[in-house]
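Visitor: mind folding the following:
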Amino acid sequence: MPILSSREKKLLRRLAQGKTDRRIAAEIGGRKDQVGLQRQRLIERLQIQSREQLEALAKEFASYPERSDGEKAGEQAAALANRRRRDRSR
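Guide: You can find the predicted model right below:
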């Protein structure tokens with residue numbers, strides 16, 4: 001189960017808000033294409049199939065309060081992804 005970095009968590013929260021890659025890059029630093037690559041890496045790391053599934057997961061993740069202990073929040077996102085994979089396989 002992967003633990004998400006603080007940058008990945010910031011990306012997820014902004015995806016949940018429906019922000020564009022360009023806007024996310026402006027807010028968390030970096031370029032638009034870097035955000036797209038990070039999005040793709042998250043899809044691979046969380047073992048989900050599409051951008052739409054990532055956005056749905058991001059919305060669910062964003063419903064959890066932000067925590068100062070980053071590992072716990074990252075564990076929550078990873079647990080959500082694992083639960084979604086199990087549900088799909090049923």
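
Visitor: put the alpha carbons of stretch 33-42 into CSV.
Guide: Only the C-alpha atoms of stretch 33-42 are listed here, as CSV (Å, rounded to 0.1, in the frame of the first residue of the first chain):
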residue,chain,number,x,y,z
ASP,A,33,3.1,19.1,-17.9
GLN,A,34,4.6,18.1,-14.5
VAL,A,35,1.2,18.0,-13.0
GLY,A,36,0.0,15.7,-15.8
LEU,A,37,2.9,13.4,-15.2
GLN,A,38,2.2,13.4,-11.4
ARG,A,39,-1.4,12.6,-12.1
GLN,A,40,-0.3,9.6,-14.3
ARG,A,41,2.1,8.4,-11.7
LEU,A,42,-0.7,8.5,-9.1
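
Visitor: which outside residues touch that stretch?
Guide: The set of residues external to stretch 33-42 that reach it, using C-beta atoms under 8 Å, 6 or more residues apart in numbering, is 4, 7-8, 11-12, 15, 21-22, 24-25, 28, 51, 54. From N, CA and C alone the C-beta is placed, and that goes for glycine too.

Visitor: all helices for the protein, in order.
Guide: 6-16, 21-28, 32-45, 51-62, 70-89 (DSSP state H).

Visitor: what's the second one packed up against?
Guide: The helices and strands touching helix 21-28, judged by 3 or more C-beta pairs under 8 Å, 6 or more residues apart in numbering; DSSP states H and E, are helix 6-16, helix 32-45.

Visitor: centre-most residue in this structure?
Guide: Leu12 (3.5 Å; C-alpha atoms, centre = their mean).

Visitor: for burial, what's the neighbour tally of Glu44?
Guide: Other residues lying near Glu44 total 9 when counted by other C-beta atoms under 10 Å.

Visitor: and the gap between it and Lys10?
Guide: Look at Glu44 and Lys10: by C-beta to C-beta, to the nearest Å, they are 18 Å apart.

Visitor: also Gln47?
Guide: The spacing between Gln47 and Lys10, counted by C-beta to C-beta, is 21 Å.

Visitor: same check on Leu42?
Guide: Leu42 sits at a distance of 12 Å from Lys10 (criterion: C-beta to C-beta).

Visitor: so these two - more neighbours on which side?
Guide: Higher neighbour count among Leu42 and Lys10: Leu42, with 22 against 17, using other C-beta under 10 Å.
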